[in-house]
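K.L.:
Dropping the sequence and predicted coords here.
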Amino acid sequence: MDIPQQVRLVEVGPRDGLQNEKQPIEVADKVRLVDDLTEAGLGYIEVGSFVSPKWVPQMAGSAEVFAGIRQKPGVTYAALAPNLKGFEAALESGVKEVAVFAAASEAFSQRNINCSIAESLERFVPVMDAARQHGIRVRGYVSCVLGCPYDGFIAPEQVAGVARELHAMGCYEVSLGDTIGTGTAGDTRRLFEVVGKDIPRDKLAGHFHDTYGQALANIYASLLEGIAVFDSSVAGLGGCPYAKGATGNVASEDVLYLLEGLGIRTGIDMDKLIDAGQRICQVLGKANGSRVARARLAQR
Ligand SMILES: CC(C)(COP(=O)([O-])OP(=O)([O-])OC[C@H]1O[C@@H](n2cnc3c(N)ncnc32)[C@H](O)[C@@H]1OP(=O)([O-])[O-])[C@@H](O)C(=O)NCCC(=O)NCCSC(=O)C[C@@](C)(O)CC(=O)[O-]
């Protein structure tokens, strides 16, 4: 299979990247991050989450963030919504696209959203109905597709079952998440071979955490399987509150460098992306998790 020449990046830094930060982050800093990412040319930015503030306190200000950002026409600004309550809050904030999130592992589903996989899928049905009514597009996530922090090995067929349900209920795209970053390129190819039997590959996305340093290899393996949408996080921000030791998502700058090396154009400005990542790292007092950003910053 030829490598896709059109690749879309879904920037999850403001949501997946920040959700696990323990220190308070000012709404103004979150707004600035989203605006900087818009300025860098990202076409899709996951801005926040309408989840329970008791479960993920850092996302509590998502409505304020939506109210503060400058939305550029043609750019998608999305949010997570785990249930109808979250969907309604997103709608009130003017959100035009939401994402529901399930898991391929029962234990992770319980820890993350306090219900079984089957219950979570039932919970999404009214969200999908309401979304249809309001003309809101819904993306689906499946977590733990290449391993679970509690259940260990997850069979690709199990992932395929959950992904199929999300696709059948109307998710226009299903993002497969290697939440704990243990997957290898071989695992990734097998995963997409299996899931790709049920769902067209242009309806699938890859979401790789870089805990074991395999994310870029897994993205390349996904490209070889015809996958053309990848979630990434500026400066490699992130971690998952329910997956101990999980590091950030693959860094957007590093994915962009990989794609540019393959001759794939995305319209994203590398320098502006690096600036956006470096600025939020300074706010957080953290080292930049992008190898490309570190190298380029050292050369400046
Ligand atoms: C799903 C629930 C809400 C169930 O949580 P629950 O406690 O079972 O919910 P409940 O329906 O029993 O309600 C309990 C309380 O929460 C409130 N509540 C209920 N829903 C909402 C809502 N939407 N927004 C705000 N508040 C809400 C509700 O109103 C009530 O308030 P009280 O009466 O006690 O004051 C909870 O478990 C939750 O919010 N979980 C979110 C976990 C999360 O955000 N995890 C991170 C995102 S997933 C991820 O990072 C993985 C991904 C996507 O990146 C891919 C990958 O890498 O794998």
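P.N.:
Sure, I can see it.
K.L.:
how about the residues of the protein that lie near the ligand?
P.N.:
Within the chain, the positions near the ligand by Cβ under 6 Å from any ligand atom are 16, 19, 49-52, 55-56, 80, 82-83, 85-86, 101, 112-114, 141, 143, 177, 179, 207, 209, 240-241. C-beta here means a position set from N, CA and C on the backbone, and glycine is covered the same way.
K.L.:
again, 5 Å this time
P.N.:
16, 51-52, 55-56, 82, 85-86, 101, 113-114, 141, 143, 177, 179 (Cβ under 5 Å from any ligand atom).
K.L.:
Narrow those to those in helices?
P.N.:
85, 86, 113 (DSSP state H).
K.L.:
doesn't residue 80 make contact with the second one?
P.N.:
Yes. Residue 86 is in contact with residue 80 according to Cβ atoms under 8 Å; the separation is 7.2 Å.
K.L.:
list residues touching both of the two?
P.N.:
49, 50, 51, 98 (Cβ atoms under 8 Å, 6 or more residues apart in numbering).
K.L.:
Let's see if you can find the most crowded of those.
P.N.:
residue 49 (28 neighbours; other Cβ atoms under 10 Å).
K.L.:
Can you give me the distance of that residue to residue 244?
P.N.:
20 Å (Cβ to Cβ, to the nearest Å).
K.L.:
Equivalent analysis for residue 105, please.
P.N.:
15 Å.
K.L.:
thinking again about what came up before, with distance to residue 36 and pLDDT added, can I get the shared contacts of residue 86 and residue 80 in TSV?
P.N.:
Below are the shared contacts of residue 86 and residue 80 laid out as TSV (distance: Cβ to Cβ, whole Å; pLDDT from 0 to 100):
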residue	distance to residue 36	pLDDT
49	20	98
50	23	98
51	24	98
98	23	98
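K.L.:
Strands - which of the residues you listed land there?
P.N.:
Among these, the ones falling in strands (DSSP state E) are 49, 98.
K.L.:
From the ones in helices among the residues of the chain next to the ligand, list just the buried residues.
P.N.:
By neighbour count, with 16 or more other Cβ atoms under 10 Å, these hold 86, 113 as buried.
K.L.:
now the ones in helices among the residues of the chain next to the ligand as JSON lines including pLDDT?
P.N.:
As requested, those are exported to JSON lines (pLDDT from 0 to 100):
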{"residue": "85", "pLDDT": "98"}
{"residue": "86", "pLDDT": "98"}
{"residue": "113", "pLDDT": "96"}
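K.L.:
Need the ones in helices among the residues of the chain next to the ligand in JSON lines (columns: distance to residue 156).
P.N.:
Formatted as JSON lines, these follow (distance: Cβ to Cβ, whole Å):
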{"residue": "85", "distance to residue 156": "33"}
{"residue": "86", "distance to residue 156": "29"}
{"residue": "113", "distance to residue 156": "22"}
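K.L.:
Can you tell me which of the ones in helices among the residues of the chain next to the ligand comes closest to the ligand?
P.N.:
Checking these against the ligand by Cβ to the nearest ligand atom gives residue 86 as the nearest, at 3.0 Å.
K.L.:
Would you mind listing the residues in contact with the closest one?
P.N.:
Counting by Cβ under 8 Å, 6+ apart, residue 86 touches 49, 50, 51, 80, 98, 127.
K.L.:
From residue 128, how far out is it?
P.N.:
Distance from residue 86 to residue 128, counting by Cβ to Cβ: 13 Å.
K.L.:
just to revisit the earlier point, for the contacts of residue 86, which one is nearest residue 279?
P.N.:
Among the contacts of residue 86, residue 49 lies closest to residue 279 (Cβ to Cβ), at 21.8 Å.
K.L.:
wait, that closest one sits on residue 56?
P.N.:
Yes. Shown here, residue 49 and residue 56 form a contact pair, counting by Cβ under 8 Å, at 6.3 Å.
K.L.:
joint contacts of those two?
P.N.:
The contact sets of residue 49 and residue 56 overlap at residue 19 (Cβ under 8 Å, 6+ apart).
K.L.:
What residues of stretch 155-163 count as buried?
P.N.:
So for stretch 155-163, counting by 16+ other Cβ under 10 Å, buried means 156, 158, 159, 160, 162, 163.
K.L.:
And stretch 3-15, by the same measure?
P.N.:
Those would be 3, 4, 7, 8, 9, 10, 11, 12, 13, 14, 15, for stretch 3-15 by 16+ other Cβ under 10 Å.
K.L.:
Residue 236: which of these is nearest?
P.N.:
Of all the buried residues of stretch 3-15, residue 236 sits closest to residue 13, with 8.8 Å by Cβ to Cβ.
K.L.:
dump the residue contacts of the closest one.
P.N.:
Counting by Cβ under 8 Å, 6+ apart, residue 13 touches 33, 37, 232, 233, 234, 235, 237, 238, 249, 252, 277, 280.
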